[in-house]
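Trainee: below are the sequence and a predicted model for it; my questions follow.
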Amino acid sequence: MYNPKSMKAEEFISHEEIMETLDYAEKNKHNVELIDSIIAKAKERKGLSHRDAAVLLDCDIPEKNEEIYALAKQIKQDFYGNRIVMFAPLYLSNYCVNGCLYCPYHAKNKHICRKKLTQEEIKAEVIALQDMGHKRLAIEAGEDPVNNPLEYILESIKTIYSIKHKNGAIRRVNVNIAATTVEDYRKLKEAGIGTYILFQETYHKESYERLHPTGPKHNYAYHTEAMDRAMEGGIDDVGIGALFGLELYRYEFAGLLMHAEHLEAVHGVGPHTISVPRVRRADDIDPDEFDNGISDDTFAKIVACLRIAVPYTGMIVSTRESQASRERVLGLGISQISGGSRTSVGGYVEEEEEEENSAQFELSDRRTLDQVVNWLMRLGYIPSFCTACYREGRTGDRFMSLCKAGQIQNCCHPNALMTLKEYLEDYASEDTKRIGNELIERELKNIPKDKVRQIAMEYIENIKNGQRDFRF
Ligand code: SF4
Ligand code: SF4
């Protein structure tokens, strides 16, 4: 029944295969010999199968877990260096016809304030985001064919790309909207989107159907097969994710990796990113009602094991997570974070109080982008506003082959420094600017190739003198 090449959801996310995997992991979680052999395999940096990764996730031998964390850190360092890519979500509309039990935008919530941004309001939000320093957005909208038809999303993308306020520009728009048709995905591709993001929420079909009792999202197969349609429509960067807390985390972990294996087997390219959100409190949503909540320790272990299992896939945490939790997982494999986020429609322009009333979830990390950038640099990371690959056409398998050949890092590091320099010049506080300029000076020396270093130094000088938008 299990077949990663199948185009049927129930076959590439086979429930039986997941149950057998969990059983195998449980039986082998103390099998030191096997665990050692899996760790040795992981050290080759070619990833792990869902079965092998599930054994590492279950392993509760403290010394072995230390090895797993150390390896995750090393892989993170080897593939992503100390760079962290920054982005912000932009909520366009919270009208939604679905009945998701964990989200306050569900159709039956009659007291939440419903809002859909006009193009003028989008402009204002984008200007506010540009004035913070953001270059990369993820747009979000509920599913509602009447209020949020695809035409509205396409028009909004056009508006976002068209706004150039002062030195600001949104250079990559990722899109997180409901599962749709190949034809619609083709239109999104033509509109110039970066990654198409769709969270599975839960890979467990029965739970999925219970948690999505009404609306088009109820259809498990249609939702689970969405990435195949997106790829058929020409979108080659897709972002998957599971909402941890809904089902048993071991189940979701195996499901995520099987989904990645499926995309690789069928399309020759795995997911561009994996997100690991946890259920959060929100209007009429109490996370305690979902009894599969996971501890911070388990969360860190999931991140570390995913990092080892899919070294080439970017990993995202949002401001759902607290500063402390984010700090912990940054070192274990996260490559992208949001900063200064608002999770309500119109939240970047509106006053905070109003905003809370229509937020999709409560934020744990409410710091400004400048504070987040400052904090990252103090921890030794380079905040990066880079969007170069998408703009250079380095997407899908082209991107992955550069990644696998270890070449992409020759671009990422100087691009991170140049985009950080732009941020410092245009948006940073004095303190952030000081720390950032020191960091850039230090990091320029770490560019191994003389030629690249020299060009990067020239570009950075040009940025200081007012020019913008350089990239490798
Ligand atoms: S999770 Fe998405 S589809 Fe579900 S209710 Fe919320 S906005 Fe609608
Ligand atoms: S060069 Fe490409 S992979 Fe590297 S940070 Fe920029 S966009 Fe991402």
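Mentor: That came in fine, so what should we check first? Ligands and ions are numbered 1, 2, ... in the order given.
Trainee: which residues in the stretch 301-450 of the chain form helices?
Mentor: With DSSP state H, counting those that start in this stretch as the criterion, the stretch 301-450 of the chain has helices at 323-330, 352-357, 369-378, 388-391, 396-404, 408-426, 430-444, 450-464.
Trainee: touching the shortest one from outside, list them.
Mentor: Residues from elsewhere that reach helix 388-391, judged by Cβ atoms under 8 Å, 6 or more residues apart in numbering: 171, 172, 194, 237, 394, 395, 399, 408, 411, 415, 471, 472. Glycine gets a C-beta too; all of them are placed from N, C-alpha and C.
Trainee: closest one to residue 453 out of the residues you listed, please.
Mentor: For the contacts of helix 388-391, the closest approach to residue 453 (Cβ to Cβ) belongs to residue 472, at 11.4 Å.
Trainee: residue closest to the middle of this protein?
Mentor: Among the residues of the chain, residue 316 comes closest to the average C-alpha position under Cα atoms, centre = their mean, at 3.5 Å.
Trainee: check contacts around that one.
Mentor: Residue 316 touches 239, 241, 273, 274, 275, 276, 334, 335, 336, 337, 338, counting by Cβ under 8 Å, 6+ apart.
Trainee: residue 79: which of the residues you listed is nearest?
Mentor: Proximity of these to residue 79 (Cβ to Cβ) peaks at residue 335, which lies at 8.1 Å.
Trainee: right, and the closest one touches residue 84 too?
Mentor: Yes: if you go by Cβ atoms under 8 Å, residue 335 and residue 84 touch, sitting 6.7 Å apart.
Trainee: how close does the closest residue to residue 305 other than its chain neighbours sit to residue 243?
Mentor: Distances taken as Cβ to Cβ, 6 or more residues apart in numbering place residue 57 nearest to residue 305, at 4.6 Å, with adjacent residues excluded. Residue 57 is 18 Å from residue 243, where distance means Cβ to Cβ, to the nearest Å.
Trainee: then residue 393?
Mentor: Residue 393 sits 32 Å away from residue 243, going by Cβ to Cβ.
Trainee: between the two, which is the more surrounded one?
Mentor: Neighbour count, other Cβ atoms under 10 Å: between residue 393 and residue 243, residue 243 has more, with 23 against 9.
Trainee: burial of the residue nearest to the more buried one when sequence neighbours are not counted, as a residue count?
Mentor: Of all residues not flanking residue 243 in the chain, residue 201 sits nearest, at 4.7 Å (Cβ to Cβ, 6+ apart). By other Cβ under 10 Å, 23 other residues sit near residue 201.
Trainee: going along the chain, name the strands of the stretch 1-150 of the chain.
Mentor: Per DSSP state E, counting those that start in this stretch, the stretch 1-150 of the chain carries strands over the ranges 83-93, 136-141.
Trainee: now the last one - C-alpha only, CSV.
Mentor: This means strand 136-141. This file holds the C-alpha atoms of strand 136-141, laid out as CSV (Å, rounded to 0.1, in the frame of the first residue of the first chain):
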residue,chain,number,x,y,z
ARG,A,136,10.4,39.1,2.2
LEU,A,137,6.8,38.5,3.0
ALA,A,138,4.5,35.5,3.4
ILE,A,139,0.9,36.5,2.6
GLU,A,140,-1.9,34.8,4.4
ALA,A,141,-5.6,34.6,3.7
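Trainee: near ligand 2 at all, it?
Mentor: No: using Cβ under 6 Å from any ligand atom, we find that strand 136-141 stays clear of ligand 2, coming within 8.8 Å at best.
Trainee: got it, and stretch 331-350?
Mentor: No: between stretch 331-350 and ligand 2, judged by Cβ under 6 Å from any ligand atom, nothing touches; the nearest distance is 8.5 Å.
Trainee: and what of stretch 464-472?
Mentor: No: Stretch 464-472 stays clear of ligand 2 (Cβ under 6 Å from any ligand atom), getting no nearer than 7.0 Å.
Trainee: and what of stretch 190-203?
Mentor: No: applying Cβ under 6 Å from any ligand atom, one finds stretch 190-203 separated from ligand 2 by no less than 9.0 Å.
Trainee: and that stretch, which residues are buried?
Mentor: 191, 193, 194, 195, 196, 197, 198, 199, 200, 201, 202, 203 (16 or more other Cβ atoms under 10 Å).
Trainee: I'd assumed residue 333 was in contact with residue 317.
Mentor: No: counting by Cβ under 8 Å, residue 317 does not reach residue 333; the two are 9.8 Å apart.
Trainee: pull the contacting residues for residue 9.
Mentor: 205, 220, 221, 223, 224, 225.
Trainee: three-state assignment of the third one?
Mentor: Read that as residue 221. What DSSP: H, G, I helix; E, B strand; the rest coil gives for residue 221 is helix.
Trainee: can you get me a residue count around it?
Mentor: For residue 221, the number of neighbouring residues by other Cβ under 10 Å comes to 13.
Trainee: next, the closest residue to residue 30 other than its chain neighbours: phi, psi?
Mentor: Nearest non-adjacent residue to residue 30, counting by Cβ to Cβ, 6+ apart: residue 61, 6.6 Å away. Main-chain dihedrals, residue 61, degrees, to the nearest 10: phi -90, psi 120.
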